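Undergrad: The sequence and its predicted three-dimensional model are supplied below.
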Amino acid sequence: MKMLQFASRAALTAALAIAVVVVLTASTRRPSFLRRYEPTVATLPSAASPSGSAPPTSNVVVRVPRDCDIFRGEWVPATGDGAVPYYTNATCGEIQEHQNCMKYGRPDLGFLRWRWRPERCELPRFDAAAFLEVVRGRSMAFVGDSLARNHMQSLMCLLSKVEYPKDVSTTMDPEFRTLHYESHNFTIAAFRSPYLVTANQSDPAGGMWDLYLDEPDAAWVTGVAGFDYVVVSTANWFNRPTMFYEAGRLVGCHHCLVPGVADLKRTYSLRAALRTALRALTAGGEAGGFNGTVIVRTLSPTSHFEGGEWNKGGDCRRTRPYAANETRMVGLDLDFHTVQVDEFRRAEATAVASRSTARLLLMDTTAAMVLRPDGHPSRYGHWAHENVTLYNDCVHWCLPGPIDVWNEMLLQLLLHHHQSGEFSV
(Lines give C-alpha, C1' and ligand atoms only; values in the text may rest on other atoms or scores of the structure.)
Protein backbone atom coordinates (compact mmCIF):
# COMPACT_ATOMS: atom_id res chain seq x y z
CA MET A 1 0.00 0.00 0.00
CA LYS A 2 2.87 2.35 0.91
CA MET A 3 4.54 1.53 -2.38
CA LEU A 4 1.34 2.49 -4.23
CA GLN A 5 1.07 5.78 -2.32
CA PHE A 6 4.72 6.56 -3.07
CA ALA A 7 4.24 5.77 -6.74
CA SER A 8 1.10 7.93 -6.84
CA ARG A 9 2.91 10.87 -5.22
CA ALA A 10 5.87 10.45 -7.58
CA ALA A 11 3.57 10.43 -10.62
CA LEU A 12 1.77 13.56 -9.38
CA THR A 13 5.08 15.35 -8.78
CA ALA A 14 6.30 14.45 -12.27
CA ALA A 15 3.05 15.65 -13.82
CA LEU A 16 3.27 18.98 -11.97
CA ALA A 17 6.87 19.43 -13.09
CA ILE A 18 5.89 18.82 -16.70
CA ALA A 19 3.01 21.28 -16.40
CA VAL A 20 5.33 23.96 -14.99
CA VAL A 21 7.76 23.45 -17.88
CA VAL A 22 4.91 23.72 -20.41
CA VAL A 23 3.58 26.90 -18.80
CA LEU A 24 7.02 28.50 -18.63
CA THR A 25 7.75 27.56 -22.23
CA ALA A 26 4.43 28.96 -23.42
CA SER A 27 4.90 32.20 -21.50
CA THR A 28 8.40 32.56 -22.93
CA ARG A 29 7.11 32.15 -26.44
CA ARG A 30 4.15 34.50 -26.16
CA PRO A 31 4.60 37.11 -23.40
CA SER A 32 2.01 39.87 -23.23
CA PHE A 33 3.17 42.65 -25.57
CA LEU A 34 1.57 45.22 -23.31
CA ARG A 35 4.05 44.44 -20.54
CA ARG A 36 6.49 46.39 -22.66
CA TYR A 37 4.23 49.41 -22.80
CA GLU A 38 3.89 52.29 -20.38
CA PRO A 39 1.54 52.08 -18.56
CA THR A 40 1.32 48.30 -18.22
CA VAL A 41 -1.99 46.69 -19.20
CA ALA A 42 -1.69 42.95 -19.83
CA THR A 43 -4.47 41.90 -22.19
CA LEU A 44 -3.01 40.95 -25.58
CA PRO A 45 -0.22 38.53 -26.58
CA SER A 46 2.93 39.78 -28.21
CA ALA A 47 3.95 39.86 -31.81
CA ALA A 48 6.73 37.53 -32.89
CA SER A 49 10.29 38.16 -31.75
CA PRO A 50 12.46 40.67 -33.60
CA SER A 51 15.61 39.97 -35.60
CA GLY A 52 17.05 36.53 -35.07
CA SER A 53 13.72 34.76 -34.67
CA ALA A 54 12.54 32.01 -36.97
CA PRO A 55 10.73 33.05 -40.16
CA PRO A 56 7.05 32.23 -40.68
CA THR A 57 6.33 28.49 -40.74
CA SER A 58 4.85 28.68 -44.24
CA ASN A 59 7.26 29.43 -47.08
CA VAL A 60 4.56 30.14 -49.64
CA VAL A 61 3.72 33.75 -50.43
CA VAL A 62 -0.02 34.31 -50.18
CA ARG A 63 -1.38 36.65 -52.81
CA VAL A 64 -4.95 37.73 -53.38
CA PRO A 65 -6.76 36.90 -56.63
CA ARG A 66 -6.22 39.42 -59.40
CA ASP A 67 -9.94 40.16 -59.65
CA CYS A 68 -10.09 41.27 -56.00
CA ASP A 69 -9.96 45.01 -55.36
CA ILE A 70 -8.06 45.14 -52.07
CA PHE A 71 -8.89 48.84 -51.65
CA ARG A 72 -12.66 48.41 -51.29
CA GLY A 73 -14.10 46.60 -48.30
CA GLU A 74 -14.75 46.96 -44.59
CA TRP A 75 -13.04 46.69 -41.21
CA VAL A 76 -14.06 43.58 -39.29
CA PRO A 77 -13.11 42.31 -35.82
CA ALA A 78 -9.81 40.45 -35.86
CA THR A 79 -9.59 37.05 -34.19
CA GLY A 80 -6.83 34.61 -33.34
CA ASP A 81 -3.40 35.62 -34.61
CA GLY A 82 -5.06 38.44 -36.55
CA ALA A 83 -5.71 40.23 -33.25
CA VAL A 84 -2.02 40.16 -32.34
CA PRO A 85 -0.11 43.37 -33.19
CA TYR A 86 2.83 42.80 -35.49
CA TYR A 87 5.27 44.69 -33.23
CA THR A 88 5.47 46.82 -30.11
CA ASN A 89 7.23 50.01 -29.10
CA ALA A 90 9.82 47.75 -27.44
CA THR A 91 10.58 45.66 -30.54
CA CYS A 92 10.60 48.63 -32.94
CA GLY A 93 12.76 51.68 -32.34
CA GLU A 94 11.30 53.60 -35.29
CA ILE A 95 8.16 54.80 -33.49
CA GLN A 96 8.34 58.54 -32.98
CA GLU A 97 7.02 60.05 -29.78
CA HIS A 98 3.92 61.55 -31.38
CA GLN A 99 2.92 58.09 -32.71
CA ASN A 100 3.67 56.19 -29.51
CA CYS A 101 0.08 56.02 -28.30
CA MET A 102 0.56 53.36 -25.62
CA LYS A 103 3.52 55.11 -24.00
CA TYR A 104 1.42 58.19 -23.45
CA GLY A 105 -1.45 56.35 -21.85
CA ARG A 106 -4.03 55.64 -24.52
CA PRO A 107 -6.59 53.72 -22.43
CA ASP A 108 -8.42 51.78 -25.15
CA LEU A 109 -6.88 48.99 -27.19
CA GLY A 110 -9.80 48.26 -29.46
CA PHE A 111 -8.21 50.08 -32.39
CA LEU A 112 -5.65 47.25 -32.60
CA ARG A 113 -8.27 44.52 -32.96
CA TRP A 114 -9.57 45.17 -36.47
CA ARG A 115 -8.50 43.88 -39.86
CA TRP A 116 -9.29 45.11 -43.35
CA ARG A 117 -11.40 42.69 -45.41
CA PRO A 118 -11.79 43.45 -49.13
CA GLU A 119 -15.20 42.81 -50.67
CA ARG A 120 -14.21 39.75 -52.69
CA CYS A 121 -11.29 38.17 -50.84
CA GLU A 122 -9.29 38.05 -47.64
CA LEU A 123 -6.23 40.29 -47.25
CA PRO A 124 -3.35 38.19 -45.90
CA ARG A 125 -1.40 39.28 -42.85
CA PHE A 126 1.87 41.04 -43.60
CA ASP A 127 4.69 38.56 -44.21
CA ALA A 128 7.99 40.29 -43.43
CA ALA A 129 10.13 37.49 -44.83
CA ALA A 130 8.13 37.46 -48.07
CA PHE A 131 8.35 41.23 -48.43
CA LEU A 132 12.13 41.22 -48.04
CA GLU A 133 12.37 38.41 -50.56
CA VAL A 134 10.30 40.37 -53.09
CA VAL A 135 12.53 43.44 -52.73
CA ARG A 136 15.81 41.56 -52.47
CA GLY A 137 18.48 43.54 -54.31
CA ARG A 138 16.12 46.49 -54.81
CA SER A 139 15.48 49.94 -53.34
CA MET A 140 12.41 51.93 -52.31
CA ALA A 141 11.99 55.66 -51.63
CA PHE A 142 9.12 57.35 -49.80
CA VAL A 143 8.55 60.90 -51.03
CA GLY A 144 6.10 63.28 -49.38
CA ASP A 145 5.25 64.75 -45.99
CA SER A 146 5.24 63.31 -42.45
CA LEU A 147 2.57 60.79 -43.46
CA ALA A 148 4.99 59.36 -46.02
CA ARG A 149 7.45 59.00 -43.15
CA ASN A 150 4.69 57.46 -41.00
CA HIS A 151 4.17 54.89 -43.79
CA MET A 152 7.89 54.09 -44.00
CA GLN A 153 8.20 53.76 -40.22
CA SER A 154 5.31 51.29 -40.19
CA LEU A 155 7.11 49.24 -42.83
CA MET A 156 10.36 49.27 -40.88
CA CYS A 157 8.54 48.16 -37.74
CA LEU A 158 6.93 45.31 -39.66
CA LEU A 159 10.27 44.24 -41.11
CA SER A 160 11.92 44.31 -37.66
CA LYS A 161 10.48 40.84 -37.16
CA VAL A 162 13.13 39.59 -39.58
CA GLU A 163 15.91 42.16 -39.75
CA TYR A 164 17.03 45.55 -38.48
CA PRO A 165 18.60 47.85 -41.10
CA LYS A 166 21.88 49.73 -41.01
CA ASP A 167 21.66 53.52 -41.24
CA VAL A 168 23.66 54.59 -44.29
CA SER A 169 22.31 58.15 -44.50
CA THR A 170 24.59 60.75 -46.07
CA THR A 171 23.06 63.58 -44.03
CA MET A 172 22.22 64.17 -40.38
CA ASP A 173 18.79 65.49 -41.36
CA PRO A 174 16.27 62.96 -39.97
CA GLU A 175 13.84 63.89 -42.76
CA PHE A 176 16.23 62.41 -45.35
CA ARG A 177 17.19 58.97 -44.12
CA THR A 178 18.63 56.01 -46.00
CA LEU A 179 18.77 52.55 -44.46
CA HIS A 180 20.08 49.25 -45.76
CA TYR A 181 18.91 45.71 -45.00
CA GLU A 182 22.21 43.98 -45.54
CA SER A 183 21.10 40.34 -45.64
CA HIS A 184 18.61 41.16 -48.43
CA ASN A 185 20.54 44.01 -50.08
CA PHE A 186 17.42 46.16 -49.80
CA THR A 187 17.66 49.94 -49.41
CA ILE A 188 14.87 52.14 -48.07
CA ALA A 189 14.91 55.94 -47.99
CA ALA A 190 12.79 58.93 -47.00
CA PHE A 191 12.74 62.24 -48.89
CA ARG A 192 10.70 64.95 -47.20
CA SER A 193 8.85 67.11 -49.72
CA PRO A 194 5.38 68.10 -48.47
CA TYR A 195 4.40 69.79 -51.74
CA LEU A 196 6.51 67.65 -54.14
CA VAL A 197 7.42 70.89 -55.95
CA THR A 198 9.79 73.72 -55.07
CA ALA A 199 8.44 75.58 -52.04
CA ASN A 200 9.62 78.12 -49.53
CA GLN A 201 7.94 79.72 -46.55
CA SER A 202 7.78 83.40 -47.37
CA ASP A 203 5.92 84.45 -44.21
CA PRO A 204 6.56 82.17 -41.22
CA ALA A 205 4.42 84.33 -38.92
CA GLY A 206 1.41 84.08 -41.21
CA GLY A 207 2.17 80.57 -42.40
CA MET A 208 2.35 81.64 -46.05
CA TRP A 209 4.19 79.43 -48.57
CA ASP A 210 5.31 80.12 -52.13
CA LEU A 211 4.78 77.15 -54.46
CA TYR A 212 6.49 76.87 -57.84
CA LEU A 213 4.02 74.44 -59.32
CA ASP A 214 5.97 73.57 -62.47
CA GLU A 215 9.27 72.85 -60.69
CA PRO A 216 9.77 69.41 -59.10
CA ASP A 217 11.48 69.70 -55.74
CA ALA A 218 15.23 69.17 -56.14
CA ALA A 219 15.29 67.69 -52.63
CA TRP A 220 13.97 64.41 -54.07
CA VAL A 221 13.86 64.47 -57.85
CA THR A 222 17.59 63.84 -58.31
CA GLY A 223 17.88 61.70 -55.20
CA VAL A 224 15.50 58.99 -56.39
CA ALA A 225 17.42 58.31 -59.60
CA GLY A 226 18.42 54.68 -59.54
CA PHE A 227 15.73 53.59 -57.07
CA ASP A 228 13.49 50.71 -58.10
CA TYR A 229 10.32 51.97 -56.39
CA VAL A 230 9.17 55.45 -55.41
CA VAL A 231 6.10 55.76 -53.19
CA VAL A 232 4.68 59.27 -53.73
CA SER A 233 2.06 60.86 -51.49
CA THR A 234 0.86 64.35 -50.65
CA ALA A 235 -2.31 66.29 -49.81
CA ASN A 236 -2.56 67.70 -46.29
CA TRP A 237 -0.15 70.60 -46.75
CA PHE A 238 -2.25 72.04 -49.57
CA ASN A 239 -4.68 73.33 -46.94
CA ARG A 240 -2.18 76.00 -45.90
CA PRO A 241 -2.10 79.60 -47.20
CA THR A 242 -0.06 79.50 -50.42
CA MET A 243 0.98 81.63 -53.37
CA PHE A 244 1.06 79.86 -56.75
CA TYR A 245 3.81 80.47 -59.30
CA GLU A 246 4.16 78.99 -62.78
CA ALA A 247 6.94 79.82 -65.22
CA GLY A 248 8.19 82.25 -62.58
CA ARG A 249 4.93 84.23 -62.61
CA LEU A 250 2.35 84.60 -59.85
CA VAL A 251 -0.86 83.00 -61.12
CA GLY A 252 -3.01 82.85 -58.00
CA CYS A 253 -3.13 81.78 -54.38
CA HIS A 254 -5.07 79.98 -51.71
CA HIS A 255 -6.26 82.11 -48.80
CA CYS A 256 -3.64 84.82 -49.34
CA LEU A 257 -6.09 87.76 -49.16
CA VAL A 258 -3.89 89.83 -51.47
CA PRO A 259 -5.76 92.36 -53.64
CA GLY A 260 -5.57 91.55 -57.34
CA VAL A 261 -4.43 87.94 -56.80
CA ALA A 262 -6.99 85.31 -57.78
CA ASP A 263 -8.00 83.02 -54.93
CA LEU A 264 -7.88 79.57 -56.53
CA LYS A 265 -9.03 76.26 -55.11
CA ARG A 266 -6.70 74.01 -53.17
CA THR A 267 -7.27 71.35 -55.79
CA TYR A 268 -5.66 73.65 -58.37
CA SER A 269 -2.28 73.54 -56.64
CA LEU A 270 -2.52 69.84 -55.72
CA ARG A 271 -3.31 68.91 -59.31
CA ALA A 272 -0.48 71.00 -60.73
CA ALA A 273 2.08 69.78 -58.19
CA LEU A 274 1.20 66.11 -58.62
CA ARG A 275 1.26 66.46 -62.41
CA THR A 276 4.73 68.03 -62.24
CA ALA A 277 6.04 65.29 -59.94
CA LEU A 278 4.66 62.42 -62.03
CA ARG A 279 5.93 64.01 -65.22
CA ALA A 280 9.43 64.13 -63.72
CA LEU A 281 9.24 60.50 -62.61
CA THR A 282 7.97 59.14 -65.92
CA ALA A 283 10.39 61.11 -68.09
CA GLY A 284 13.05 58.49 -67.44
CA GLY A 285 16.57 59.38 -68.48
CA GLU A 286 15.44 62.74 -69.81
CA ALA A 287 14.86 64.17 -66.31
CA GLY A 288 16.03 62.75 -63.02
CA GLY A 289 16.96 59.36 -64.41
CA PHE A 290 14.19 57.40 -62.70
CA ASN A 291 13.23 54.24 -64.58
CA GLY A 292 11.51 52.18 -61.91
CA THR A 293 7.98 51.81 -60.55
CA VAL A 294 6.02 54.81 -59.27
CA ILE A 295 3.47 53.97 -56.56
CA VAL A 296 0.98 56.78 -55.98
CA ARG A 297 -0.60 56.47 -52.53
CA THR A 298 -3.82 58.43 -52.18
CA LEU A 299 -4.41 60.79 -49.29
CA SER A 300 -4.78 60.04 -45.63
CA PRO A 301 -8.12 61.59 -44.55
CA THR A 302 -8.23 65.24 -43.56
CA SER A 303 -11.72 64.87 -42.06
CA HIS A 304 -11.27 63.11 -38.72
CA PHE A 305 -11.23 66.20 -36.49
CA GLU A 306 -14.56 66.53 -34.69
CA GLY A 307 -15.83 69.43 -32.61
CA GLY A 308 -13.58 71.99 -34.26
CA GLU A 309 -10.57 72.42 -36.53
CA TRP A 310 -7.11 71.14 -35.59
CA ASN A 311 -6.20 74.39 -33.83
CA LYS A 312 -9.67 75.14 -32.45
CA GLY A 313 -10.34 72.25 -30.11
CA GLY A 314 -10.96 69.57 -32.72
CA ASP A 315 -10.23 66.01 -31.60
CA CYS A 316 -10.70 62.36 -32.61
CA ARG A 317 -11.81 60.28 -29.63
CA ARG A 318 -13.70 57.48 -31.31
CA THR A 319 -12.75 53.98 -30.19
CA ARG A 320 -13.92 51.88 -33.13
CA PRO A 321 -14.04 52.13 -36.92
CA TYR A 322 -17.02 53.36 -38.85
CA ALA A 323 -19.03 50.66 -40.55
CA ALA A 324 -18.83 50.82 -44.34
CA ASN A 325 -22.36 52.24 -44.53
CA GLU A 326 -21.82 54.88 -41.83
CA THR A 327 -19.61 57.28 -43.76
CA ARG A 328 -17.93 57.84 -47.11
CA MET A 329 -15.53 60.19 -48.80
CA VAL A 330 -17.01 63.68 -48.94
CA GLY A 331 -15.87 67.28 -49.05
CA LEU A 332 -12.16 67.96 -49.28
CA ASP A 333 -11.25 64.26 -48.96
CA LEU A 334 -13.33 63.50 -52.03
CA ASP A 335 -11.99 66.51 -53.95
CA PHE A 336 -8.35 65.67 -53.21
CA HIS A 337 -8.89 61.97 -53.93
CA THR A 338 -10.53 62.75 -57.28
CA VAL A 339 -7.57 64.92 -58.29
CA GLN A 340 -5.07 62.23 -57.31
CA VAL A 341 -6.82 59.46 -59.22
CA ASP A 342 -7.31 61.74 -62.26
CA GLU A 343 -3.64 62.70 -62.32
CA PHE A 344 -2.55 59.11 -61.87
CA ARG A 345 -4.66 58.06 -64.86
CA ARG A 346 -3.33 60.94 -66.91
CA ALA A 347 0.28 60.08 -66.07
CA GLU A 348 -0.35 56.41 -66.78
CA ALA A 349 -1.75 57.17 -70.24
CA THR A 350 1.09 59.58 -71.00
CA ALA A 351 3.70 57.04 -69.93
CA VAL A 352 2.19 54.40 -72.22
CA ALA A 353 1.95 56.79 -75.15
CA SER A 354 5.54 57.94 -74.72
CA ARG A 355 6.79 54.39 -74.11
CA SER A 356 8.27 55.44 -70.79
CA THR A 357 10.26 52.77 -68.98
CA ALA A 358 8.67 53.84 -65.70
CA ARG A 359 5.61 51.94 -64.49
CA LEU A 360 2.79 53.38 -62.38
CA LEU A 361 0.71 51.69 -59.69
CA LEU A 362 -2.18 53.23 -57.73
CA MET A 363 -2.28 52.49 -54.01
CA ASP A 364 -5.80 53.70 -53.22
CA THR A 365 -5.83 53.58 -49.41
CA THR A 366 -8.23 56.50 -48.75
CA ALA A 367 -11.53 54.60 -48.63
CA ALA A 368 -10.18 52.23 -45.98
CA MET A 369 -8.66 54.98 -43.86
CA VAL A 370 -11.72 57.24 -43.93
CA LEU A 371 -13.33 54.52 -41.81
CA ARG A 372 -10.64 54.66 -39.08
CA PRO A 373 -11.09 57.83 -37.00
CA ASP A 374 -10.10 55.68 -34.02
CA GLY A 375 -6.52 55.09 -35.21
CA HIS A 376 -4.96 58.52 -34.55
CA PRO A 377 -2.89 59.53 -31.51
CA SER A 378 -5.37 62.25 -30.49
CA ARG A 379 -3.90 63.55 -27.21
CA TYR A 380 -1.83 60.39 -26.63
CA GLY A 381 1.25 61.44 -28.58
CA HIS A 382 2.71 63.51 -25.74
CA TRP A 383 2.34 64.07 -22.02
CA ALA A 384 -0.72 66.05 -20.99
CA HIS A 385 1.32 69.00 -19.68
CA GLU A 386 3.40 69.40 -22.86
CA ASN A 387 2.77 72.38 -25.13
CA VAL A 388 2.85 71.00 -28.67
CA THR A 389 1.56 72.48 -31.91
CA LEU A 390 -0.72 69.59 -32.82
CA TYR A 391 -2.08 68.85 -29.33
CA ASN A 392 -4.88 66.60 -30.61
CA ASP A 393 -3.28 64.72 -33.49
CA CYS A 394 -5.92 63.44 -35.89
CA VAL A 395 -3.51 63.48 -38.84
CA HIS A 396 -0.84 60.88 -38.11
CA TRP A 397 -1.45 57.25 -37.10
CA CYS A 398 -0.60 55.27 -33.98
CA LEU A 399 2.13 52.64 -34.35
CA PRO A 400 1.18 49.86 -34.25
CA GLY A 401 -2.20 50.70 -35.72
CA PRO A 402 -4.44 50.82 -38.79
CA ILE A 403 -1.66 52.28 -40.95
CA ASP A 404 0.01 48.85 -40.96
CA VAL A 405 -2.62 47.84 -43.52
CA TRP A 406 -0.88 50.13 -46.02
CA ASN A 407 2.01 47.70 -46.06
CA GLU A 408 -0.25 44.67 -46.31
CA MET A 409 -1.62 46.36 -49.43
CA LEU A 410 1.85 47.35 -50.63
CA LEU A 411 3.06 43.77 -50.44
CA GLN A 412 0.13 42.60 -52.57
CA LEU A 413 0.84 45.32 -55.15
CA LEU A 414 4.45 44.18 -55.38
CA LEU A 415 3.47 40.52 -55.61
CA HIS A 416 1.11 41.17 -58.52
CA HIS A 417 3.57 43.32 -60.41
CA HIS A 418 6.80 41.53 -59.59
CA GLN A 419 8.69 40.90 -62.79
CA SER A 420 9.58 37.32 -61.96
CA GLY A 421 5.95 36.29 -61.65
CA GLU A 422 4.86 33.53 -59.29
CA PHE A 423 7.39 32.53 -56.68
CA SER A 424 7.73 31.29 -53.11
CA VAL A 425 10.10 32.12 -50.30
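TA: Cool, the structure landed. Residues are numbered from 1 along each chain as shown.
Undergrad: residue ranges of the helices in the stretch 301-425 of the chain, please?
TA: Taking DSSP state H, counting those that start in this stretch as the test, the helices found in the stretch 301-425 of the chain are 331-353, 366-370, 404-417.
Undergrad: Go ahead and name everything in contact with the first one.
TA: Translated: helix 331-353. With contact meaning Cβ atoms under 8 Å, 6 or more residues apart in numbering, helix 331-353 is reached by 235, 238-239, 265-267, 270-271, 274-275, 278-279, 282, 294, 296, 298-299, 301-303, 329, 356, 358-360, 362, 364, 366, 370. Bear in mind the C-beta positions are built from the backbone N, C-alpha and C, glycine included.
Undergrad: Out of those, which end up buried?
TA: The neighbour-count test (16 or more other Cβ atoms under 10 Å) marks 235, 238-239, 266-267, 270-271, 274-275, 278-279, 282, 294, 296, 298-299, 301-303, 329, 356, 358-360, 362, 364, 366, 370 as buried among these.
Undergrad: Which stretches in this structure count as helices?
TA: In the chain, the helices defined using DSSP state H lie at 2-29, 128-134, 146-159, 218-221, 266-282, 331-353, 366-370, 404-417.
Undergrad: Okay, now the unreliable bits of the protein?
TA: Along the chain, segments meeting pLDDT under 70 span 1-60, 285-288, 419-425.
Undergrad: again, only this time at 50
TA: Applying pLDDT under 50 to the chain flags the ranges 1-58, 287-288, 419-425.
Undergrad: For the spatially most central residue of it, list the residues it contacts.
TA: Among the residues of the chain, His151 comes closest to the average C-alpha position under Cα atoms, centre = their mean, at 2.4 Å. Going by Cβ under 8 Å, 6+ apart, His151 touches 142, 231, 233, 297, 403, 406-407.
Undergrad: can you rerun that using 7 Å?
TA: His151 makes contacts with 142, 231, 403, 406, as judged by Cβ atoms under 7 Å, 6 or more residues apart in numbering.
Undergrad: Check Ala189 too.
TA: 141, 177-178.
Undergrad: Gln201 reaches Tyr195, doesn't it?
TA: No. With contacts counted by Cβ atoms under 7 Å, Gln201 stays clear of Tyr195, the gap being 10.9 Å.
Undergrad: before we move on, back to that, among the contacts of Ala189, which are in strands?
TA: Counting by DSSP state E, the contacts of Ala189 place 141, 178 in strands.
Undergrad: could the contacts of Ala189 go into a markdown table alongside neighbour count?
TA: Below are these laid out as a markdown table (neighbours: other Cβ atoms under 10 Å):
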| residue | neighbour count |
| --- | --- |
| Ala141 | 24 |
| Arg177 | 24 |
| Thr178 | 19 |
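Undergrad: Now tabulate the contacts of Ala189 in CSV and tack on distance to Tyr212.
TA: Listed next are those as CSV, based on distance: Cβ to Cβ, whole Å:
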residue, distance to Tyr212
Ala141, 22
Arg177, 25
Thr178, 26
